[in-house]
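Participant: After the sequence you'll find the predicted model.
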Amino acid sequence: MKLRGAAGALMLAVALIGVGPAVRAQPPEPRAKPPEPQAYSSELVASFDAAYSLDFAEALAIARRAAARDPENPSPYRAIATVTWLQILFARGGTYIDHYLGKVTKTQFNVPKPPPDLDAEFLHSLDRALVLAEARVHTAPKDPQAQFDLGAAWALRAGYAGSVLGSVTAAFAASRRAYDAHEYVLRLAPRFVEANFVIGMYRYAVSTLSLPSRIVAYLAGFGGGKERGIQMVEAASRSGIEQADALFALAVIYSREGRHWDAVVKLRELERRYPRNRILTLEEGAALIRAGHADTADAVLTAGLARFGTDPRPKAPGEHAYWLYKRGLARLNWNHRADAAADFDAALAANPVGWVRGRIYVTRGQLADLAGRRNDALAEYRQGADWCGRNNDPFCVADAVKFTRQPFALQ
């Protein structure tokens, strides 16, 4: 039970670690015609840029070409695994910041099996990346790049085990190996800023644990310290190849810490980098709501909904309903009740996933309270508590119970 508790609280970290391109200008093992390091690095950067833009097929094609061109380098295999992982999370609708606010919820331990083809490609590619990284570390144990590649592969295994397979034991063990490798990178090369990301995320995650669980994590070898963890993630966000992952991680961390405008700033930076990623616009709108800028959030989400309607690419499950729910929430907070009610009704009709459906019922109850229809509000709160309870959303349940006891009122 102790292992489950500590590993569960680390799930925030492993779920956020995308362990990006991870390629510096370092040539592979001697070959007849090795690729140019800079050209190769740029190719993998292009793969991750496509993935972060939600163009998963393009991202996989680029990464597979890189692996075929340089089959002895672990980085392209890790890129294939990472893009495949992102595809699985996107297909589950598990990429929203709401999943990571507060403490990590039970939803990450109650997950459906991934599609067999994507699961097989992930495991094959990551196994290959680990074998190649281990071989390079064996040959050059004090090479920071080799140690970084090994730690990044273990971090990816931890993230997949926790967020896709729901195996906290496997996630905990892999997390420990990732942490050790990247700590060693910083001892070997303190200016290797990329290694700050993994360590910083784990430090932050450990700092959020209860005291007994923190002790378990310390005994297992994880360092803690909230401020130090945040500083390390911030360092990774300013330069190096982990910038995109670190920026998104900061948006989540700042949201958890109540620094909502700082989260907006990071999301806007990501939007400038990846303008094709509509989810970033959705997250900006959600962050603006938390920051108390409901009117701006309404405008951002309305523009995003227009883009959503013309984007021919695949959508996440219940994504349209989630957009409408968030805009309705902005309009509720702005006291535009009729528009909010229309959005909530449309969201319910758009087949939301279970936890979003529960939250919609709670917000409909809030509207009923504002209109003085207490009996209707209580009925909505009961439905919301039922749906959120069945979908492992304890924070929504807590809201429903709170407003059952005391009518909702705008601040």
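Facilitator: That came through, no problem. Quick caveat, the model's predicted, so the values are computed rather than measured.
Participant: Please make it C-alpha for all contacts and neighbour counts, starting now.
Facilitator: OK.
Participant: how far away is Ala316 from Thr95?
Facilitator: The gap separating Ala316 from Thr95 is 9 Å, by Cα to Cα, to the nearest Å.
Participant: Helices of the stretch 51-200 of the chain, residue ranges please.
Facilitator: For the stretch 51-200 of the chain, the helices defined by DSSP state H, counting those that start in this stretch cover 56-69, 74-92, 116-139, 144-160, 168-188, 195-207.
Participant: can I get those in JSON lines with mean neighbour count, distance to Leu101 and mean pLDDT?
Facilitator: Shown next, in JSON lines, are these (neighbours: other Cα atoms under 10 Å; distance: least, Cα to Cα, whole Å; pLDDT from 0 to 100):
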{"stretch": "helix 56-69", "mean neighbour count": "19", "distance to Leu101": "26", "mean pLDDT": "95"}
{"stretch": "helix 74-92", "mean neighbour count": "25", "distance to Leu101": "17", "mean pLDDT": "93"}
{"stretch": "helix 116-139", "mean neighbour count": "18", "distance to Leu101": "27", "mean pLDDT": "96"}
{"stretch": "helix 144-160", "mean neighbour count": "28", "distance to Leu101": "17", "mean pLDDT": "94"}
{"stretch": "helix 168-188", "mean neighbour count": "21", "distance to Leu101": "19", "mean pLDDT": "90"}
{"stretch": "helix 195-207", "mean neighbour count": "28", "distance to Leu101": "12", "mean pLDDT": "89"}
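Participant: so which of these gets nearest Glu283?
Facilitator: The minimum distance between Glu283 and the helices of the stretch 51-200 of the chain falls on helix 74-92, with 14.3 Å, by Cα to Cα.
Participant: Determine the angle, from 0 to 180 degrees, between the closest one and helix 116-139.
Facilitator: Counting by axes from the mean of the first three to the mean of the last three Cα atoms, to 10 degrees, helix 74-92 points 150 degrees away from the direction of helix 116-139.
Participant: now the angle from helix 74-92 to helix 144-160?
Facilitator: With the same axes, to 10 degrees applied, the angle from helix 74-92 to helix 144-160 works out at 20 degrees.
Participant: In this protein, where is pLDDT below threshold?
Facilitator: Scanning the chain for pLDDT under 70 picks out 1-40, 102-111, 210-221, 241.
Participant: Tell me the secondary structure at Ile317.
Facilitator: Let me fix one detail, which is that residue 317 is Pro and not Ile. Here Pro317 is recorded as coil under DSSP: H, G, I helix; E, B strand; the rest coil.
Participant: Next, work out how far apart it and Cys388 are.
Facilitator: Using Cα to Cα, one gets 17 Å for the distance from Pro317 to Cys388.
Participant: Same question for Phe56.
Facilitator: Going from Phe56 to Cys388 by Cα to Cα gives 31 Å.
Participant: who wins for proximity to Ala291 among the helices of the stretch 51-200 of the chain?
Facilitator: helix 195-207 (22.0 Å).
Participant: Report the distance from the closest one to the chain centre.
Facilitator: 14 Å (Cα atoms, centre = their mean, to the nearest Å).
Participant: what do you get for stretch 252-262?
Facilitator: Relative to its chain's centre, stretch 252-262 lies at 14 Å (Cα atoms, centre = their mean).
Participant: Likewise for stretch 349-366?
Facilitator: With Cα atoms, centre = their mean as the basis, the mean position of stretch 349-366 lies at 22 Å from the chain mean.
Participant: Please list the residues outside it that contact it.
Facilitator: For stretch 349-366, contacts defined as Cα atoms under 8 Å, 6 or more residues apart in numbering pick out 317-322, 325, 329, 341, 344, 347-348, 376-381, 383-388, 390-393, 396, 399-400, 403, 407-409.
Participant: Among these, which are located in helices?
Facilitator: Taking DSSP state H, the ones among those that sit in helices are 319-322, 325, 329, 341, 344, 347-348, 376-381, 383-388, 390, 396, 399-400, 403.
Participant: pretty sure Phe122 is touching Ala81, no?
Facilitator: Yes. Between Phe122 and Ala81 a contact is recorded at 4.5 Å, counting by Cα atoms under 8 Å.
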